[in-house]
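Novice: Next comes the sequence, and after it the predicted model I'd like to discuss.
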Amino acid sequence: MSAEVQPPDNAKPRDAGKELSRWITPLWIFPVIFIVIAAWQWHDTRTRIGGLQYELAKRLAEADILGKEARDLAAVTAEAGRRLETKLGLLESRLAESQSQQLALEALYQELTRNRDEATLEEVEQLLLIANQQLQLANNVKAALIAMQEADARLQRIDRPQLSRLRKILSKDMDVLKSAPYLDTAGISLRLDNLAAGVETLPLAAEFQLPELASSGRTAPASESAWLSFAREAWEDAKRLVRIQHMDKSDIALLLPSQAYFLRENLKLRLLSARYALLSRDGSSFKSDLDASLDWINRYYDNKSKPVLDMLEALHELRDSEVGIELPRISASLDAVRNSRLARDRGNR
């Protein structure tokens, strides 16, 4: 019996492999690889596209939320902008109003300043006129200095640089007045008035005054007759009719009552004339009136009585006073203040 030789078991796989290798050729390998790669890329691309879509959808949702918030914020911002514009308009209107008020206040201040300066200059001029009158009419240096110091104080209060020249001139005039010799014009004038009023009390040298006769101290007896009593009283009256007096001067003028009256009035006029000469700074007339008064008192009045002696002493003291002093003038200060007023008026025009 012939036996078929059976191939070994491992020969079938080899044949299958050969069969498979027959089918799997290099031409089929590349398309398969390409297909696999394409499938992998398609799957990867799809996965990435899906991720991108998800991310895009997420970003779009966030952008939508952000856009909504931005729109809300824009609306709030627009509303705030409108409010700010309203407030800004209100502030601008208030600013314009405040600026107009400031301009009005500045104009009012300038007007008040001009009025104040003008009023101050007028007051200063009036004070200087008063000081000049005190110097010319009353020769009162002290009162003139007080008025000028008050004028300088008012100029100092407004403190304007353009008035410094006026203050310098005013200060110079005050220094000149302070250096002038002092004369108590008011005091001398008052003393002359008192002396003129006391002329009425001065006794005349030829004025006889009967002394009071002392009573005898004897009383008439009760048994004295009426005739004896009448004779005794008549004798007493007769003794009072005649007076014998010793005269020291042989040339004493005897004056009638009317002449004595005119003498007193003329003496008063002389003293008042001396007062006028004092106020006029007329030294020669002042001394002449006092000399005449002294001469009349020595000639016609009783030089032993105390009132006459007091008046003579007072007149001698007054005659020694130097009243003819020429006081300085303040015309420079008056001219300066008037020029300042004129310059201010021209500047305002």
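Specialist: Received the coordinates, thanks. Numbers count the residues shown, from 1 in each chain.

Novice: the helices in this protein, which residues?
Specialist: Assigned helices in the chain, in chain order: 11-23, 26-133, 141-158, 164-179, 185-197, 226-241, 257-279, 283-300, 306-319, 331-348 (criterion: DSSP state H).

Novice: Figure out which of the ones you listed is closest to Ala205.
Specialist: For the helices of the chain, proximity to Ala205 was assessed by CB to CB; helix 283-300 is nearest, at 6.1 Å. All C-beta spots, glycine's among them, are computed from the backbone N, C-alpha and C.

Novice: Show me what the closest one packs onto, helices and strands only.
Specialist: Applying 3 or more CB pairs under 8 Å, 6 or more residues apart in numbering; DSSP states H and E, we find helix 283-300 packed against helix 257-279, helix 306-319.

Novice: what's the least confident stretch among the helices of the chain?
Specialist: With a mean of 54, helix 11-23 has the lowest mean pLDDT of the helices of the chain.

Novice: Quickly note the distance from Ser90 to Val337.
Specialist: Actually, residue 90 is Leu. It isn't Ser. Leu90 is 52 Å from Val337, where distance means CB to CB, to the nearest Å.

Novice: And these two? Which one has more around it.
Specialist: Under the criterion of other CB atoms under 10 Å, the comparison of Leu90 against Val337 puts Val337 first, with 24 against 10.

Novice: That one - nearest residue in space that isn't next to it in sequence?
Specialist: Of all residues not flanking Val337 in the chain, Glu125 sits nearest, at 4.9 Å (CB to CB, 6 or more residues apart in numbering).

Novice: got a list of what the one you found touches?
Specialist: 334, 337-338, 341 (CB atoms under 8 Å, 6 or more residues apart in numbering).

Novice: neighbour-wise, which of these leads?
Specialist: Neighbour max across these (other CB under 10 Å) = Val337, 24 neighbours.

Novice: Distance to Ile325 for the helices of the chain - can I get that in JSON lines?
Specialist: Below are these laid out as JSON lines (distance: least, CB to CB, whole Å):
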{"stretch": "helix 11-23", "distance to Ile325": "161"}
{"stretch": "helix 26-133", "distance to Ile325": "17"}
{"stretch": "helix 141-158", "distance to Ile325": "10"}
{"stretch": "helix 164-179", "distance to Ile325": "12"}
{"stretch": "helix 185-197", "distance to Ile325": "10"}
{"stretch": "helix 226-241", "distance to Ile325": "56"}
{"stretch": "helix 257-279", "distance to Ile325": "11"}
{"stretch": "helix 283-300", "distance to Ile325": "8"}
{"stretch": "helix 306-319", "distance to Ile325": "15"}
{"stretch": "helix 331-348", "distance to Ile325": "18"}
